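K.L.:
My questions are about this predicted structure, shown below with the sequence.
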Amino acid sequence: MYKIVVLFFLAFLLLLSPGATQADSISEAAIEAAGSSYPKVPRPNYKKYRGNSRSKHKRLGFFRRRAARRRAMRKRKNAVPVRKGVISVDEPKGTMPKR
């Protein structure tokens, strides 16, 4: 119900301002007349060319994702576990002189 009321209100506002549409057509004609006197200048390109690096890879399909996941899990299972947070040090040597 709310959307219908808003649409009717906007239609009513469009009917109230016919001068705005006439002003747009006059201003467009003035812009076209003024713009035709200038020569066309190419737009400068400020970005460095990076080859085809801006293309984005699309997501793999279901079966390829599943195969890649299985491969990664197999690789993780066979990998040697890394000991994290363990610092190993040699035994202390008696380098201090005795008194």
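P.N.:
Thanks, I have it.
K.L.:
And the helices in the chain, which stretches?
P.N.:
Using DSSP state H, the helices assigned to the chain run over residues 2-16, 18-35, 62-78.
K.L.:
Compare the mean pLDDT across these and name the weakest.
P.N.:
The weakest mean pLDDT among these belongs to helix 18-35, with a mean of 58.
K.L.:
Quick one, grab the pLDDT at the most centrally placed residue in the chain.
P.N.:
Centroid-nearest residue in the chain: residue 56, 10.2 Å away (criterion: C-alpha atoms, centre = their mean). The model reports residue 56 with a pLDDT of 75.
K.L.:
Based on its surroundings, how many neighbours for residue 94?
P.N.:
6 (other C-beta atoms under 10 Å). The way it works is simple: take the backbone N, C-alpha and C, and place the C-beta from them, glycine included.
K.L.:
How about residue 97?
P.N.:
If you count neighbours by other C-beta under 10 Å, residue 97 ends up with 5.
K.L.:
what do you get for residue 11?
P.N.:
9.
K.L.:
Could you tell me how far it is located from residue 3?
P.N.:
Distance, residue 11 to residue 3, by C-beta to C-beta, to the nearest Å: 13 Å.
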